[in-house]
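Colleague: from the sequence below, what's the structure:
(2 chains)
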Amino acid sequence: MFEIEFLMTAIPALPLAAALAIALAGPRILKGASHTVLVVALALSMVASVMLALQVQEKNQEEAANGHAGGAVVTKTLWHWATVSKANSAADVSQATAGGEALADSDSLDFAIDITLRADALTAIMLVMVTFISLLVAIYASGYMHGDRGYWRFFCYVGLFVFSMTMLVLSSNFLLLYVFWEAVGVCSYLLIGFWYQKPEAAAAGKKAFLVNRVGDFGFALGVFLIWTTYGTLNFHDTVTVDGTAVIDGVLGANRIAQGAFATGGVATAICLLLFVGACGKSAQFPLHVWLPDAMEGPTPVSALIHAATMVTAGVYMVARCTPLFDAAPEARYVVAAIGGFTALLAGIIAVTQTDLKRVLAYSTVSQLGYMFLALGVGSSAAIAAGMFHLVTHAFFKALLFLGAGSVMHAMGGVIDMRRFGGLRRLMPITHWTFLIGCLALAGMIPLSGFWSKDAILLATYEAGGTGMGSWEHAGTFYMALFVAASVTAFLTSFYTFRAFFRTFYGEERIPAEAGHHAHESPLSMTVPLMILAVFAAGVGYVLHAGGAFENFLAQTPGIGAVSHEAAGQAAHADGHGAEHASAHSFVMSLSIFLAVLGIALAAYFYIGELKQIDRIARWIRPLYRASLGKFWFDPLYNFLIVGPIWLLAQLCYFLDRYLVDGLVNLIGSIPPLAGRILRKSQNGMLQMYVLATVVALLLLAAALVLPQLPATEDDSSRQAPADPAAVSWDEGRLEEDNAGRVASAVRPSLRVEGNQK
Amino acid sequence: MNEIALLQNYLIVGGLLFAIGLVGFVTRRNMIVMFIALEMMMQGVAVSLVAWSRFHDNFGGQMLVIMIIAVAACEAAVALSLIVMMVRRSSNLDIAFWQTLREEGQEPTLDVEVPEPDDEHEDWPELTPAGVEPELKPEQIGYRSRV
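Modeller: Here you go, the predicted model:
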């Protein structure tokens, strides 16, 4: 058994090493075998992650046995990145002047950033999920990307992504979190634009990057505000540079034990700014527009980055900052509202999309909305439900995307559902695994999606019932969100099975592009599908049974604090046990009913002729048009944001082109002009040169001699006594002659020359 | 005649020599004449050097002048041979023929057009052709036309 510190380092180091090896050896040596390096590294990384999770569990049990609540955190500082001692800190001055007592506090203003890794329950969950999915996707991609020109490049980027993502969840510092937050964004950009010769792919990559910038800007401001509020960016408690005092980390054990969190407006601002970052990364309204376009990238990338892992970074971050959000209930309402609204909005849009991958993309946005809704509800059960949904969603959505990729592979790159159909005989394995993914996404009992979605609905329903928080309308608010989430659940099962039936049922149609490709995908692609199908089916019940997932997650310090608090509430609410049970059975039956209704309706409308659905589309024409047009977010953003910025850029372009460049060119045109005039003197005539030399010599001589001459005769007579000294050119000779004669002898000759001028 | 007056006379002679040489150098285009003018300028300098040397009772200047004369002799040999080479290339002594040092794109400075030599009316002695005209190499034609 390896030490936990070693595992923490090895998990991100292995994919990084693989990425570097592929980058160096890929184009010349590895070529078509580039995937082997990455697959081996990811497999080892996954084994390490599982071992890490087991060890974290062991440590948690030890902690519990020792009577410490809140679970274990293992941190490992690799090196000190930056250390600015307090003497250099401007904030220190204001702190010092604030009063004698603040001086002790100002110790915490050392700006020390350590490269520190952290392992706790939340990190372990994310690590296992990320490495497992990325391993399967890497195996799948070895078949899917076979023969691509940039084969090695693809695996290099994926390795880099897994490194960044594992570091993101391992980092124990807001700055490091931000760095890897950006790093996964860069990998996402590189992989969306992987086929950069395709203009749509390049544009989609750019769009994803720019929209993420908006969110990241908010995140950066949030990090700044955390620094000014808490005086540190570390999650864990650290020792000051001089080793005299302990700085309470933002999410450190001391702070959680004391509950020393900022409250009020500052806390709300911090949380909302962090949430803006989460919105960008996790594609929530109003920054959700990049994710559907990101489907231009290779399908394994869509599965790995834009469904299972990277887009959940926002959810992870909000879950990680649970204590901060606990201190800002108002921010929770915003998170819940945005989550619920996005879930519904994306669900409505997904109903009318004809591009299979785009349906899944909007479904991802919708499911991420669910997760944020759960985090916004904020009870310990809700947070556990959100994280649980994150994990189950990763499995079944990766499965669905890989299935869609398998279809796309067979159809020769065609992904428009109007152009193919009835593929169930052609691709039996893809069909069955896709069905399992669809059932899981639709929330069909007992597949994984059911358990997690049910948990979210239940948590929202209970929040609606109890009216959590101080806000008087909280009950109504959460009830409205519950209704929205229920409608979304119905829409989810409807659009999922719409896509499923249109792809695999009905009359068999194969587009011309498919050619001889129209057959089941190779084993390297179907085996990951089958493995994922098993997990998508089973992981929900296994983790849900006996509250295993919830208990494990609750061992995360920050989240554990809530669960502790909630445990008291639960004990208090024991009297309402029966009510809880009835709520549970109501929500469960409602969710099963909605799932079945959605599947049945989809089957009724989409198996066979499409006449009836056309009639319904005419009946709710405005909504249909809005859904088909994706609620016109792209044109709206183009008009409101892109247009004005484009105009400004044009203005700047013209100013630069004609004003700035004009001035520079004007100044630059002076030397050639002068040169054109002076060039005439450079005529190759020897005598002209001699003449120029002579004239110049005369001018020089005149300049030397003339100032020594008296300006007029009057001046000379007046200055006569001083002259001998002025023209003393040879003392040795002049001794014999009197000074007056020297002056008279010299002056006329000088004057002759002067007159010549 | 005192020292100063003596110096003045010599300097005037030297200055005149220099000035006449300078004017000659600038105004004449015959390369040999220009060379002579150049020599005159140098002798003007030499005269003034001798004068100053005498004035200061320092004979270094006079020694320098002897050296100048020696150098001038060498220089004359080099310069005259250069002139010979140039005349062979251009068939005339006009310094204005050599304007190749001018700036690129600059028009050459031309005098009034010299009329093309008219072989028919030229007073060359007519000899009865005899024997075979020797074959001339192409590079010899340039400067053998008048020979």
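
Colleague: quick check, central residue of chain B?
Modeller: Most central residue of chain B, judged by C-alpha distance to the mean C-alpha position with CA atoms, centre = their mean, is B:Phe35 at 2.2 Å.

Colleague: name the element that residue belongs to?
Modeller: helix B:31-55 (DSSP states H and E).

Colleague: what angle sits between the helix or strand following that helix and helix B:31-55?
Modeller: Remark: after helix B:31-55, the chain's next helix or strand is helix B:60-90, criterion DSSP H and E. Direction vectors for helix B:60-90 and helix B:31-55, defined by axes from the mean of the first three to the mean of the last three CA atoms, to 10 degrees, enclose an angle of 180 degrees.

Colleague: quick check, the residue in chain A closest to chain B?
Modeller: Closest residue of chain A to chain B, CB to the nearest CB: A:Gly684 (2.9 Å). The way it works is simple: take the backbone N, C-alpha and C, and place the C-beta from them, glycine included.

Colleague: what about that residue, distance to A:Leu691?
Modeller: Distance from A:Gly684 to A:Leu691, counting by CB to CB, to the nearest Å: 14 Å.

Colleague: who touches A:Ile429 in this structure?
Modeller: A:Ile429 makes contacts with A:520-521, A:526, A:529-530, as judged by CB atoms under 8 Å, 6 or more residues apart in numbering or on different chains.

Colleague: do the same with A:Val534
Modeller: Contact analysis of A:Val534 by CB under 8 Å, 6+ apart lists nothing.

Colleague: repeat that for the one 3 residues further on.
Modeller: Under the criterion of CB under 8 Å, 6+ apart, the contact list for A:Ala537 reads A:436, A:440, A:447-448.

Colleague: count the neighbours of A:Lys453 for me.
Modeller: One way to gauge burial is a neighbour count; for A:Lys453, by other CB atoms under 10 Å in any protein chain shown, it gives 31.

Colleague: scratch that, A:Gly465 is what I was asking about
Modeller: For A:Gly465, which is what you asked about, the neighbour count (other CB under 10 Å) is 16.

Colleague: what helix or strand does it sit in?
Modeller: Element membership for A:Gly465 (DSSP H and E) is helix A:448-466.

Colleague: give me the average confidence score over that helix.
Modeller: If you average the pLDDT over helix A:448-466, you get 85.

Colleague: that helix packs against which elements?
Modeller: Applying 3 or more CB pairs under 8 Å, 6 or more residues apart in numbering or on different chains; DSSP states H and E, one finds that helix A:448-466 contacts helix A:356-377, helix A:380-410, helix A:428-442, helix A:474-504, helix A:523-544, helix A:577-606.

Colleague: ok, and the closest non-adjacent residue to residue 22?
Modeller: By default, I'm working from chain A. A:Cys156 (4.3 Å; CB to CB, 6 or more residues apart in numbering or on different chains).

Colleague: wait, chain B was what I had in mind.
Modeller: Using CB to CB, 6+ apart and skipping residues adjacent in sequence, the residue nearest B:Leu22 is B:Met41, 5.8 Å away.

Colleague: contact partners for A:Thr36?
Modeller: Going by CB under 8 Å, 6+ apart, A:Thr36 touches A:Leu30.

Colleague: per-residue confidence at it?
Modeller: 89.

Colleague: and the closest residue to chain A within chain B, how many neighbours does it have?
Modeller: When distances are taken as CB to the nearest CB, chain B reaches nearest to chain A at B:Arg102, 2.9 Å away. Taking other CB under 10 Å as the neighbour definition, B:Arg102 ends up with a count of 19.

Colleague: where does it fall, phi/psi-wise?
Modeller: Torsion angles at B:Arg102 (phi, psi; degrees, to the nearest 10) stand at phi -70, psi 160.

Colleague: re earlier: okay, now the residue nearest to the residue nearest to the centre of chain B when sequence neighbours are not counted: neighbour count?
Modeller: Closest residue in space to B:Phe35, ignoring its immediate chain neighbours: B:Ala79 at 5.6 Å, by CB to CB, 6+ apart. When neighbours are counted by other CB under 10 Å, B:Ala79 registers 17.

Colleague: now A:Gly540: closest residue in space, sequence neighbours ignored.
Modeller: A:Ser448 (2.8 Å).

Colleague: need the pLDDT of residue 53.
Modeller: Picking chain A for this. In this prediction, A:Ala53 has a pLDDT value of 90.

Colleague: sorry, I should have been clearer: chain B.
Modeller: B:Ser53 is assigned a predicted lDDT (pLDDT) of 92.

Colleague: check contacts around it.
Modeller: Taking CB under 8 Å, 6+ apart, we find B:Ser53 in contact with B:59-62, B:64-65.

Colleague: any quick ChimeraX command for the buried ones out of the residues you listed?
Modeller: The buried subset of the contacts of B:Ser53, as determined by 16 or more other CB atoms under 10 Å in any protein chain shown, is captured in ChimeraX by this line:
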select /B:61,65
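
Colleague: quick check: the nearest residue to A:Met310 once chain neighbours are set aside vs A:Met167, distance?
Modeller: Once flanking residues are discounted, A:Met310 sits nearest to A:Val184: 4.9 Å by CB to CB, 6+ apart. As for A:Val184, its distance to A:Met167 is 9 Å (criterion: CB to CB).

Colleague: now A:Ile592
Modeller: Remark: distance between A:Ile592 and A:Met167 (CB to CB) = 40 Å.

Colleague: which of the two has more residues huddled nearby?
Modeller: More neighbours surround A:Met167 than the other of A:Ile592 and A:Met167, with 23 against 16 (other CB under 10 Å).

Colleague: for chain A, longest strand please?
Modeller: Selection of the longest strand in chain A by residue count, based on DSSP state E, yields strand A:74-84.

Colleague: what's next to it, contact-wise?
Modeller: If you take CB under 8 Å, 6+ apart as the criterion, strand A:74-84 is touched by A:4-5, A:8-9, A:56, A:59, A:110-120, A:172, A:176, A:236, A:241.

Colleague: try it again at 10 Å.
Modeller: Residues from elsewhere that reach strand A:74-84 (CB atoms under 10 Å, 6 or more residues apart in numbering or on different chains): A:3-9, A:52, A:55-56, A:59, A:109-120, A:123, A:170, A:172-173, A:175-176, A:179, A:234-238, A:241, A:249, A:252.

Colleague: show me which positions of it end up buried.
Modeller: Taking 16+ other CB under 10 Å as the criterion, strand A:74-84 shows A:74-77 as buried.

Colleague: contacting residues for A:Ile599?
Modeller: Contact criterion CB under 10 Å, 6+ apart gives A:438-439, A:442, A:444, A:493-494, A:496-498, A:500-501 as the residues in contact with A:Ile599.

Colleague: flag every residue of chain B that's near chain A.
Modeller: B:2-5, B:7-8, B:11-12, B:15, B:22-23, B:25-29, B:31, B:34, B:38, B:55-57, B:95-96, B:98-109 (CB under 10 Å from any CB of the partner chain).

Colleague: out of those residues, which sit inside helices?
Modeller: Secondary structure assignment (DSSP state H) places B:3-5, B:7-8, B:11-12, B:15, B:22-23, B:25-27, B:31, B:34, B:38, B:55 from the residues of chain B next to chain A within helices.

Colleague: just the buried members of these?
Modeller: Among these, those that count as buried by neighbour count (16+ other CB under 10 Å) are B:4, B:7-8, B:11, B:15, B:22, B:25-26, B:31, B:34, B:38, B:55.
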